[in-house]
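Trainee: Quick one, structure for this:
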Amino acid sequence: MCNRARFRGEPETLIERFGASWAADVARPNRDPQELYPNRKACVIREEREKSVVDLMNWDVLGGAARWHMTNVRI
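Mentor: Residues are numbered from 1 along each chain as shown. Model (predicted):
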């Protein structure tokens, strides 16, 4: 496993597909993150006041439960 993940969409695609808008007080990225690296920012869809919003969160499959950050897991 190479510990890499890729997101080919961009925030605008998420906004259109999920009927979302940008979350309040989110610093919008000045680039479209396509290569997802552990512990780096990635776009996510979450709910805010019963509406779908695009936000940026740190990317890590296991949420920090492993000894190091990971983007994939093999069981």
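Trainee: Low-confidence regions, this structure specifically.
Mentor: 1-5, 30-33, 63-64, 70-75 (pLDDT under 70).
Trainee: do that again at 80, thanks
Mentor: Counting by pLDDT under 80, the chain has low-confidence residues at 1-10, 28-40, 59-75.
Trainee: could you show me where the strands are in it, in order?
Mentor: For the chain, applying DSSP state E gives strands covering 5-6, 21-22, 35-36, 41-48, 51-58.
Trainee: got TSV for these, with distance to Ala66 and mean neighbour count too?
Mentor: Every residue, glycine included, has its C-beta placed from N, CA and C. Formatted as TSV, the strands of the chain follow (distance: least, Cβ to Cβ, whole Å; neighbours: other Cβ atoms under 10 Å):
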stretch	distance to Ala66	mean neighbour count
strand 5-6	15	12
strand 21-22	31	13
strand 35-36	16	14
strand 41-48	17	15
strand 51-58	14	16
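Trainee: With distance to Arg67 added, can I get the ones you listed in TSV?
Mentor: Formatted as TSV, the strands of the chain follow (distance: least, Cβ to Cβ, whole Å):
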stretch	distance to Arg67
strand 5-6	19
strand 21-22	34
strand 35-36	20
strand 41-48	21
strand 51-58	16
